[in-house]
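# Build me a model:
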Amino acid sequence: MRRKLFFWELGGFLFTGVLGTLLHFVYEWSGGSALAAWFSAVNESTWEHMKLLFVPLFLFSLVQVCLLGRNYPNLPAVRALGALAGIVLIPVLFYTYTGVLGFHVVWADIAVFFLADLGAFALDFCLLRRGKLSSRWMQLLGLAVLWGLAFCFVWCTFRPPRLALWRDPVTGLYGIS
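Predicted coordinates:
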């Protein structure tokens, strides 16, 4: 069972990494489609890069809950915690390394994304195999967090707060502007 879980989590890490990378370009490839803006990055802001991690992770979670939910009844709560950890790692790692260097480097930005992806699924693996966060109310809270994050990522693409996290460093604009 542990080996099966490892391969599921590895698959999730790879799926999230590949799809998240592709989603970086989908909005541009679509010609600026509002539909594509729901799930892909519309600019170079840190927030939109956090969306690149969340969207594939969320989609993978839907599949995983349907296929593994009986074996891992703690999956929604654990995945919510993993998603939050991965999402938080992106700005923490990005602003830390750019604060130290004083500039950003594309390969380091890519490394930040994959480290956040790895962090999310590594935390999932540890908590799932230990059976942590298994109470019913934790599962409901986990589902609420995941769906709430999905809503926030869409909402803030179209109505972003005027804060640095949402500002595109290339254009100076916010959201889908």
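
# Would you enumerate the residues in contact with residue 157?
Residue 157 is in contact with 37, 38, 42, 48, 51, 175, 176, counting by Cβ atoms under 8 Å, 6 or more residues apart in numbering. To be clear about C-beta, it is placed using only N, CA and C from the backbone, and glycine gets the same treatment.

# Just list the residues touching the fourth one, thanks.
Residues counted as contacts of residue 48 (Cβ under 8 Å, 6+ apart) are 41, 42, 157, 168.

# which SSE is the third one in?
Assignment of secondary structure by DSSP states H and E places residue 157 within helix 136-158.

# Check which residues of that helix are buried.
Residues of helix 136-158 classed as buried by neighbour count (16 or more other Cβ atoms under 10 Å): 138, 139, 141, 142, 143, 145, 146, 149, 150, 153, 156, 157.

# Next, name the residue at the spatial heart of this protein.
Against the mean C-alpha coordinate of the chain, by Cα atoms, centre = their mean, the closest residue is residue 54 at 2.2 Å.

# Following element in sequence after whatever helix or strand that one lives in, please.
For residue 54, the host element (DSSP H and E) is helix 46-68. Per DSSP H and E, helix 46-68 leads on to helix 75-101 as the next helix or strand towards the C-terminus.

# sorry, back to before: from what I see, the residue nearest to the centre of the chain and residue 150 are in contact.
Yes. Using Cβ atoms under 8 Å, residue 54 is in contact with residue 150, at 7.5 Å.

# ok so, going back, just name the closest of the buried residues of helix 136-158 to residue 69, please.
residue 139 (9.5 Å; Cβ to Cβ).

# ok, the closest one to residue 154 distance?
23 Å (Cβ to Cβ, to the nearest Å).

# neighbours of the residue nearest to residue 12 when sequence neighbours are not counted, just the number please.
Take residue 12 and drop its neighbours on the chain: the residue closest to it by Cβ to Cβ, 6 or more residues apart in numbering is residue 60, 4.7 Å away. Residue 60: 21 surrounding residues under other Cβ atoms under 10 Å.

# Per-residue pLDDT of residue 60, please?
pLDDT for residue 60: 97.

# Going forward, count from 214.
Sure, I'll start counting at 214 from here, so that last one is residue 273.

# between the buried residues of helix 349-371, which is nearest residue 286?
Distances from residue 286 to the buried residues of helix 349-371, taken by Cβ to Cβ, are shortest for residue 352, at 6.9 Å.

# residues contacting the closest one?
Contacts of residue 352 (Cβ under 8 Å, 6+ apart): 286, 287, 288, 289, 290.

# Good, we can wrap up now.
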